[in-house]
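> Provided below for reference: sequence and predicted model.
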Amino acid sequence: MKPMMFRLGSMMFLEFFIWGAWFVTLGTFLGAGPLHATGSQVAAAFLSQSIGAILAPFIVGLVADRYFSAQRILAVLQLVGAVLLWFAASAATFSSFLTLIMVYMVLFMPTLALVNSVAMRHMDNPEKQFPPVRVAGSIGWIVAGVLIGWLGWEQQHRLELTFQMAAGASLLLAIYAFTLPDTPPLKRGADVSMSDILGLDSLRLLKSRSYLVFFLASVAICVPLAFYYSFTNPFLNDLGVKGAAGLQSLGQASEVILMLAMPFFFSRLGVKMMLALGMGAWVLRYILFAFGTVDSTGYALLVGGIILHGICYDFFFVTGQIYTDQHAGPKFRTAAQGFITLATYGVGMLIGSWLSGIVVDHFTVNGVHDWKSIWLVPAGVAFVVLLVFLALFRERADRTAPATHPA
């Protein structure tokens, strides 16, 4: 690997190590820790991701794209983030924790776009060079989970240490970011409209029925997705699974493997089949969780549900990004990617996080969770989304799309 690619990969590794270090076990930290949070409170904490995703375009569009170099903004945001994470670890009340984590995610989510910007601006051929750099980020997430499992912080009820570990990594990335090559703003002094920031120009893509169906399905499938992010770790720990965070890293491992194989599957299966398999994997995953246990057979179901993450994420979200890129064409490519991200991780995940908290509280009596009933809810939602998608999506229609929006 060339020195520049190694440096960019190291940046990506730290970025996702920070996120994975505390986000995976957040539900367990809140529910089983000293804060004794309810399902709705856990969901409220995970809403921070959606709020951050919604506000991120404003920070990047109004500041990063116009006034300051991307690597410097990345450094400042990570530096402030390190302080917030450190204090979140010792928050005395849920309200104080929620305030800290909400502010943190509003600052962290824009860094996901910033690291992509820094990486791609210093590549000769982003289409070939970016995937292995991005894979380094997935490896960072995996290492964080394996480390938490190996140290036994879940069983020891010491998950506040995950926030301190993430704070240390955030400080390291802040220092490292100042050493990265200069990535000046591309729109310095230019007028940027609200439409540009939110990617509203891409709304014209919704005139295509097939893309409209895909877009709505993308938002809807994020509802069951929120259940996975919010409650898988508490579920596994509740069952008595040892090193749950480490076990969950198998999901990211499958994601990495399948991401590298995406060109092979995409060329042979096509858009509709890839998207349908991705949604079908969500249904199967939650059914496996519903019937999973800690005994030998039931444990295999849990592992299978986790490993399905590669298909769940890559076959739907990565395929969706490729489909959006092809459908939008060069003129609206950036706006379309920003808009689909805002709609899914912003609106879709926000609805899903809110709903997941209500469902978990509904199926919890005297602190005992009915996990089978809980997991069958997102399984049912994903199944309905899959049926509607199969009935309405027509891949062939995109091949006759106007020249300005090539498929």
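Cool, the structure landed.
> Point out where the stretch 251-400 of the chain drops to low pLDDT.
Low-confidence regions of the stretch 251-400 of the chain, defined here as pLDDT under 70, cover residues 328-338, 395-400.
> make it 90
For the stretch 251-400 of the chain, applying pLDDT under 90 flags the ranges 252, 255-272, 274, 295-297, 310, 312-347, 366-367, 394-400.
> try the stretch 51-200 of the chain
51-70, 73, 109-135, 138, 155, 182-200.
> which residues of it fall in helices?
Listed in chain order, the helices found in the stretch 51-200 of the chain under DSSP state H, counting those that start in this stretch are 70-88, 94-121, 126-151, 160-177, 194-198.
> now those helices as TSV including mean neighbour count?
Every residue, glycine included, has its C-beta placed from N, CA and C. Written out in TSV, the entries for these read as follows (neighbours: other Cβ atoms under 10 Å):
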stretch	mean neighbour count
helix 70-88	21
helix 94-121	21
helix 126-151	19
helix 160-177	21
helix 194-198	15
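> With distance to Gly52 added, can I get those helices in CSV?
Supplementary listing: the helices of the stretch 51-200 of the chain in CSV, determined by distance: least, Cβ to Cβ, whole Å:
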stretch, distance to Gly52
helix 70-88, 11
helix 94-121, 3
helix 126-151, 17
helix 160-177, 15
helix 194-198, 15
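> What is the neighbour count of the residue lying closest to Leu284 once chain neighbours are set aside?
Among residues not flanking Leu284 along the chain, Leu308 sits closest, at 6.4 Å (Cβ to Cβ, 6 or more residues apart in numbering). For Leu308, the count of nearby residues is 24 (other Cβ atoms under 10 Å).
> rewinding a little: closest one to Phe16 among the helices of the stretch 51-200 of the chain?
Comparing the helices of the stretch 51-200 of the chain against Phe16 with Cβ to Cβ, the closest turns out to be helix 126-151 (3.8 Å).
> Next up, the contacts around Asn264.
Rather than Asn, residue 264 is Phe. Phe264 is in contact with no residue at all, counting by Cβ atoms under 8 Å, 6 or more residues apart in numbering.
> centroid residue for the chain?
Among the residues of the chain, the smallest C-alpha distance to the mean C-alpha position (Cα atoms, centre = their mean) belongs to Tyr345, namely 7.1 Å.
> Test my guess that it contacts Leu225.
No - with contact defined as Cβ atoms under 8 Å, Tyr345 does not reach Leu225; the gap is 9.1 Å.
> Distance check, the spatially closest residue to Gly152 that is not a sequence neighbour against Gln155.
What sits nearest to Gly152 in space, not counting adjacent residues and going by Cβ to Cβ, 6+ apart, is Gly243, at 7.2 Å. Spatial separation of Gly243 from Gln155 under the definition Cβ to Cβ, to the nearest Å is 8 Å.
> between those two, who's got more neighbours?
Under the criterion of other Cβ under 10 Å, the comparison of Gly243 against Gln155 puts Gly243 first, with 20 against 14.
> Wait, the more buried one touches Trp150, no?
Yes - with contact defined as Cβ under 8 Å, Gly243 and Trp150 form a contacting pair (7.1 Å).
> So the residue nearest to Leu284 versus Asn116, what's the distance?
Here the distance between Leu308 and Asn116 works out to 26 Å (Cβ to Cβ).
> go on, Pro110?
Taken as Cβ to Cβ, the spacing of Pro110 relative to Asn116 amounts to 11 Å.
> What are the structural domain limits within this structure?
Annotated domains of the chain cover 1-185, 198-407 [automatic domain parsing].
> Let's verify Phe16: helix, strand, or coil?
Here Phe16 is helix, with the state taken from DSSP: H, G, I helix; E, B strand; the rest coil.
> please begin residue numbering at 59 from this point
With 59 as the first residue, the last one maps to Phe74.
> and it, what pLDDT?
Per-residue confidence (pLDDT) for Phe74: 95.
> show me the contacts for it.
195-196, 198-199, 202.
> would JSON lines of those residues with distance to Phe347 be doable?
Shown next, in JSON lines, are the contacts of Phe74 (distance: Cβ to Cβ, whole Å):
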{"residue": "Gly195", "distance to Phe347": "26"}
{"residue": "Ser196", "distance to Phe347": "22"}
{"residue": "Gly198", "distance to Phe347": "25"}
{"residue": "Trp199", "distance to Phe347": "20"}
{"residue": "Ala202", "distance to Phe347": "22"}
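> Out of those residues, the closest to Thr86 would be?
Each of the contacts of Phe74 was checked against Thr86 using Cβ to Cβ; the closest is Ala202, at 14.5 Å.
> got a list of what that closest one touches?
When contacts are counted by Cβ under 8 Å, 6+ apart, Ala202 touches 74-76, 78-79, 82, 223-224, 303, 307.
> wait, which of these is closest to Val435?
Each of these was checked against Val435 using Cβ to Cβ; the closest is Val82, at 21.3 Å.
> how close does that closest one sit to Ala102?
The spacing between Val82 and Ala102, counted by Cβ to Cβ, is 18 Å.
> Phe236 too?
In this structure, Phe236 and Ala102 are 34 Å apart, going by Cβ to Cβ.
> Between those two, which is the more surrounded one?
A direct count of neighbours by other Cβ under 10 Å for Phe236 and Ala102 places Ala102 higher, at 19 against 12.
> Would you enumerate the residues in contact with the more buried one?
Under the criterion of Cβ under 8 Å, 6+ apart, the contact list for Ala102 reads 156, 411, 415.
> redo that, cut-off 7 Å
Residues near Ala102 by Cβ atoms under 7 Å, 6 or more residues apart in numbering: 156, 415.
> Show the model's pLDDT score for it.
According to the model, Ala102 scores 91 on pLDDT.
> Pop out the phi and psi values for it.
Backbone geometry at Ala102, expressed as degrees, to the nearest 10, gives phi -60, psi -40.
> do the same with His427
phi -90, psi 140.
> Measure how buried it is and give me the count.
A count of neighbours around His427, defined by other Cβ under 10 Å, yields 19.
> contacting residues for Ser411?
Ser411 is in contact with 101, 104-105, 108, 284, 288, counting by Cβ under 7 Å, 6+ apart.
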